[in-house]
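Enquirer: Requesting a structural model of the entry that follows:
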Amino acid sequence: MRIGMVSDTHGDVKAWKRVEEMFAGCQLILHAGDHLYNGAFNPVLPSYDPLELAGMMNASAVPILHARGNCDSEVDSLALTDPMMSPYVFLVWEGIRILVTHGDAYPDPVDLAAQGRRWGVRLIVRGHTHERGISTWDGVTLFNPGSCSLPKGDGAATVGLLQDRELMLLRLDDGEVLERGSL
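Expert: Sure thing, here's the model as predicted:
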């Protein structure tokens, strides 16, 4: 099973079109929050159209599980068919307990990993920082797919992929694997 992981789309339809292309072979997409609204501290991109993005997500051939981010509002949730108002999504995939959260409630990765341990989680998919990364803290892997819309760090828009217990961070424009990890 292939699972696509994305965060911080912030209403960017151009980025989402590329995300859909990259996740075409996936059976599930995990979205770690900040779906539609660009946020007061982010620029408004020419491809910003939150209502169109909501329609595209609603029409996705691949099911999407949505965690609420700090820029997601109740009004945004009304535009999406699938529920988005929970700050956490919990699932079990091939015996691995996975938690999806935006991450703003736990800015310190050590605290987030400690919470994951308390819940018996092995993988936490998080966003919020717009910076991609894979790290492991006491047996809990933290995976941040970065932002496909408004990336920070080196400026590469990215998404994540989980396949055969391998984690990959992929550059959005060309699909190059930038970092790998395993579960």
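Enquirer: Only C-alpha atoms from now on, for both contacts and neighbour counts.
Expert: Fine.
Enquirer: my read: Ala15 touches Thr9, true?
Expert: Yes: at 7.4 Å, Ala15 and Thr9 qualify as touching, with contact defined as C-alpha atoms under 8 Å.
Enquirer: Could you tell me which residues touch both of those two?
Expert: Overlap of the contact sets of Ala15 and Thr9 (by C-alpha atoms under 8 Å, 6 or more residues apart in numbering) consists of 148-149.
Enquirer: which of these two has more neighbours?
Expert: Thr9 (29 against 22; other C-alpha atoms under 10 Å).
Enquirer: Now do the more buried one, the pLDDT please.
Expert: Thr9 is assigned a pLDDT of 98 by the prediction.
Enquirer: Spit out the contact partners of it.
Expert: For Thr9, the contact set (C-alpha under 8 Å, 6+ apart) comprises 15-16, 33-36, 147-150.
Enquirer: Same check on Leu53?
Expert: 11-13, 16, 36.
Enquirer: next structured bit after the host helix or strand of it?
Expert: Assigned by DSSP states H and E, Leu53 belongs to helix 50-58. On the C-terminal side of helix 50-58, the nearest following helix or strand under DSSP H and E is strand 64-66.
Enquirer: just checking, next helix/strand downstream of that following strand?
Expert: Next along from strand 64-66, by DSSP H and E: helix 74-79.
Enquirer: Name the residues of that next one that are buried.
Expert: Residues of helix 74-79 classed as buried: 76-77, 79 (neighbour count, 16 or more other C-alpha atoms under 10 Å).
Enquirer: Same question for stretch 86-100.
Expert: 87-89, 97-100.
Enquirer: mean confidence score for it?
Expert: Averaged across stretch 86-100, the pLDDT comes to 96.
Enquirer: Put the alpha carbons of it into CSV.
Expert: Coordinates of the C-alpha atoms in stretch 86-100 are reproduced here as CSV (Å, rounded to 0.1, in the frame of the first residue of the first chain):
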residue,chain,number,x,y,z
SER,A,86,-10.2,17.1,14.5
PRO,A,87,-6.6,18.1,15.4
TYR,A,88,-5.6,14.4,15.2
VAL,A,89,-6.2,11.5,12.8
PHE,A,90,-5.3,8.1,14.1
LEU,A,91,-4.9,5.0,11.9
VAL,A,92,-3.2,1.6,11.9
TRP,A,93,-1.4,0.6,8.7
GLU,A,94,0.1,-2.8,8.3
GLY,A,95,0.3,-3.1,12.1
ILE,A,96,1.9,0.4,12.5
ARG,A,97,0.1,3.0,14.6
ILE,A,98,0.1,6.3,12.8
LEU,A,99,-0.9,9.7,14.2
VAL,A,100,-1.5,12.7,11.9
